[in-house]
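S.K.: Predicted coordinates and the sequence they were generated for:
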Amino acid sequence: MPGGRLTQQERQQIALGMADGLAYAEIARRLDRPTSTITREVMRNGGPAAYRADLAHRATERRAHRRRKATPRAPGAAPQENGRDAEAVREYEETFTTVFMQSGLPKMTARVLAGLYTTDAGSLTASELAARLQVSPASISKAVSFLESQGLIRRERDERRRERYVVDDDVLYQSTMAGARSTAHLGEVARQGVDILGPGTPAAARLENIARFVEFVSEGIARAADQAREILHTKPAPAPDAPAGPSQP
């Protein structure tokens, strides 16, 4: 499987595949690339309806140029926190952002959420987010307002009275439960239509089936979230090859 960045010819093949209605997986197979590479490429360059090979190639070159100017790699430069590979982290954040975009989040909102989840502290101020993502404070303000309204983040004040935006275990649980309640509400509204459209009619039968389906799904989500909640508060077990601690006398 070839590595490295996509070439202009590969981007043209992606555009042709999109025009032919091919799935990301099929385009990836033809290019011998991971499906995630194709998905990320399309989503960060206009999406399925607006992807253009030439524009995507120029945009990628501009991003690479900005990164080189912002983070020059001098010999002997200090290592990243916890010994991380800065390029690998950046690529992973882009993949995480793409996943959030596929779930329906706008691009900037998805970038903010991915940035928070990949921060050790799990929280950042608006100015820290703006610096991390290299965008304006106004863009951050709009994104965090949306995320907070959806229960995906919460805000708190630190010891310096600065507002911080936080992702933590309870935020994820509450967001999942909010999604279950929203799904359940759809079922309630669908069932209201059964009497209005007349029991026994095709339209009423369709709505009744929708109501039963979403009720089952929402109850399952809520039950699973309650059962699995403790996982969010449990530290992962150490890797099998992790060094053991000092033995007790």
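M.R.: Sure thing, it's come through.
S.K.: hey, where'd the strands end up in this structure?
M.R.: Assigned by DSSP state E, the chain shows strands spanning 123-125, 154-157, 163-166.
S.K.: Mean pLDDT for those strands - can I get that in JSON lines?
M.R.: Below are those laid out as JSON lines (pLDDT from 0 to 100):
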{"stretch": "strand 123-125", "mean pLDDT": "92"}
{"stretch": "strand 154-157", "mean pLDDT": "89"}
{"stretch": "strand 163-166", "mean pLDDT": "92"}
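S.K.: would you list those in TSV and tack on distance to His185 and mean neighbour count?
M.R.: All C-beta spots, glycine's among them, are computed from the backbone N, C-alpha and C. Output for the strands of the chain, formatted as TSV (distance: least, CB to CB, whole Å; neighbours: other CB atoms under 10 Å):
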stretch	distance to His185	mean neighbour count
strand 123-125	31	19
strand 154-157	23	13
strand 163-166	27	18
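S.K.: Including distance to Glu219, could the ones you listed go into JSON lines?
M.R.: Formatted as JSON lines, these follow (distance: least, CB to CB, whole Å):
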{"stretch": "strand 123-125", "distance to Glu219": "33"}
{"stretch": "strand 154-157", "distance to Glu219": "26"}
{"stretch": "strand 163-166", "distance to Glu219": "29"}
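S.K.: Compare these and give me the one nearest Leu186.
M.R.: For those, the distance to Leu186 is smallest for strand 154-157, at 25.5 Å, taking CB to CB.
S.K.: least trustworthy helix or strand in this protein by mean pLDDT?
M.R.: helix 53-70 (a mean of 73; mean pLDDT, DSSP states H and E).
S.K.: Tell me how many other residues surround Leu116.
M.R.: Leu116 has 24 neighbours, counted by other CB atoms under 10 Å.
S.K.: Walk me through the domains of this protein.
M.R.: Domain segmentation of the chain under automatic domain parsing yields 8-67, 87-166, 169-232.
S.K.: ok now the longest one, how far from the chain's centre?
M.R.: Per CA atoms, centre = their mean, to the nearest Å, the displacement of domain 87-166 from the mean C-alpha position of its chain is 10 Å.
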